[in-house]
Each structure stands twice: as structure tokens, then as C-alpha cells.
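[1] Here's a sequence, model it:
(one chain, ligands or ions: 1)
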Amino acid sequence: PSLLHLEELCVNIVRSHRETSQHHTEELHALRWKIFTREEVHIYHSKTVDEMWQLCADRLSEAVQYVVEFAKRLPGFRQLRQNDQITLLKSGSMEVVLVRMSRMFNTDNSTVYFDGKFAGTEVFKSLLCADLISAVFDFAHGLCALQLSEQQLAIFSALVLINADRPCLEERGQVQRMRKDIELAFNHILFKDRQESLLQRLDEKVTVLKSLCSAHMEKLRWFRQLYPLTVHTHFPPLYKELFA
Ligand SMILES: CCS(=O)(=O)c1ccc(CC(=O)Nc2nc(-c3ccccc3)c(C(=O)c3ccccc3CC(C)C)s2)cc1
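    Residues are numbered from 1 along each chain as shown. From the prediction side, this is the model:
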């Protein structure tokens, strides 16, 4: 592909990212000191385990819907086999949500945007998965430390999604070709930004992403054993389809 083609690909990916961002970094940056009061935290603590899981599952599937929209607008994604589109979303959408959500962290006071305000880890106590929650916070701190630009974050999100190593892909070669172009575009951007060192550090983040997603699935299995009806009746279909 020509340099012009790569530049155009970058523009398209960044536009798709911005159009499907749910919240923009600037918009929430203004809110970053709006943290939950003690009373509000107490209300979250008085929620039962399944109430809190339901709330999070709702919020998470809302965020995932925007990632599905982002994928559909990625140049070449719709040309992939239907089953491969599903496979990439099933295995990658949570990873992209975690990458995106890192923009909604205030690393100064270790809070994340949740349910309208910024929440510390204590807000999520009722979920009974403190290890997963602190791992998500650590990941967000680590990714924020790399200080990716919105453009770099957009292209990194596309790379997380268009992963040719995902199991059970039918047309792996087609996904590989699509990924190759995005990798070239990313290298081009990082070269222009003189930040080639980012590639290696982002590879380490991808490893952490995988462990976070399997921890999330493991916790969901644990939760579903305790509250099968809640998952069956109250969890959003998309959340169940992708994670259960
Ligand atoms: C992602 C697009 S965005 O525009 O940036 C955006 C859009 C919308 C929001 C608001 C939002 O939904 N925040 C949520 N925060 C957390 C959370 C929770 C614990 C620690 C850290 C963040 C949510 C979760 O449910 C979650 C996320 C990751 C792993 C585990 C869980 C909980 C398990 C039980 C499902 S939802 C934030 C950011």
C-alpha cells in the first residue's frame, strides 16, 4: 500500500474512533474531580452482589455496543466473513473497552468514570472481585503512563480488534492482510511522532489485556454459578453473547 493509502487508513480509523467514542476525553476531563460522596459510596456498598453486577453488566454492554459500531466502521471489517467479524468481536471487544476506558481514568486520584461520576476501587466492593478491579485500575494507570494521543489510541484499538491469531477464524489470511495495513499505518504514525519505542511497550499491554479479559470471564462464570437467574433474566443479551 502507498503512503497515501496508509495516511487515508489512519484518517478513517481515527474518524471511526471519534464517531463511536460514547464519551470524549475532553468532555470527561472536565468532570474528573466529580467523585462520589461518602453517602453515594455507601449506597453502592448497600447494593447486593447481583444488583452491582447487573449495574456493571449494563454499563459494560453499553460501552461494548460502541465498540461494535467502531468495528463496523473500520475499513475492511465488513468485507470479512460474518463469522470472523463475530469471532473478532467476541474475543476483542472487552479488550477495546478496557483500552478506551483507560481515557476515563483520573490517575491523580485513582478513579474511573462510572455511573455519572468518578469512582475509586471501593465503589465496586459489592462485586466481590477486588483482584479483577485492582488489576483493571493498574492496567489503566500503565496505559495512561504511555500518554497515547487520541490518534494513537484509535489505531491501537483497531490493532487490538483485528487480531489474526484469534482462535477459530475461517479466513485467517484475510484478517492478516487487514491487520498488516493497520500495522503499517501505526508504524507510519509512530515514526512521524518519533515514538517507535511505543510499539514494544504496547505489546506488553496486549499481554495484560488478555489476562484481564480471562479474569473477567472467570469472575463472570463464578458469578453465574451463584446467580444463574440474574444472568439469564437480567443481563443484557449482548453481554451474554460476548462474554458468557
Ligand atoms: C469505554 C468507552 S468510554 O467512553 O471511555 C466510557 C464510557 C462509559 C463509562 C462508564 C462505565 O461504564 N464505567 C465502567 N467502569 C467499570 C469499571 C469497573 C471496575 C473497575 C474499572 C472500571 C465498568 C465495569 O463494569 C467493568 C469494567 C472493566 C472490568 C470489570 C468491570 C466490572 C465487571 C463486574 C463487569 S463499567 C466509562 C468510559
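
[2] For the longest helix seen in the chain, which residues meet the burial criterion?
    For the chain, the helix reaching the highest residue count under DSSP state H is reported as helix 198-226. Buried positions in helix 198-226, judged by neighbour count with 16 or more other C-beta atoms under 10 Å: 198, 202, 205, 208-209, 212-213, 216, 219-220, 223-224. Every residue, glycine included, has its C-beta placed from N, CA and C.

[3] Quick one: mean pLDDT over whichever helix or strand comes after it.
    The C-terminal neighbour of helix 198-226 among helices and strands, as given by DSSP states H and E, is helix 228-229. For helix 228-229, the mean pLDDT works out to 94.

[4] Check whether the next helix or strand after helix 228-229 comes near the ligand.
    Per DSSP H and E, the first helix or strand lying C-terminal to helix 228-229 is helix 237-243. No - residues of helix 237-243 contacting the ligand under C-beta under 6 Å from any ligand atom: none, with a closest distance of 8.2 Å.

[5] then helix 237-243 to CSV, C-alphas only?
    Output in CSV follows, covering the C-alpha atoms of helix 237-243 (Å, rounded to 0.1, in the frame of the first residue of the first chain):
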residue,chain,number,x,y,z
PRO,A,237,-28.1,-10.1,25.7
LEU,A,238,-25.0,-8.6,24.1
TYR,A,239,-23.0,-9.0,27.3
LYS,A,240,-24.2,-12.7,27.5
GLU,A,241,-23.5,-13.3,23.8
LEU,A,242,-20.0,-11.9,24.0
PHE,A,243,-18.8,-12.9,27.5
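
[6] pLDDT at Gln22, what is it?
    With respect to pLDDT, Gln22 scores 90.

[7] Check Ala244 too.
    Per the predicted model, pLDDT is 82 at Ala244.
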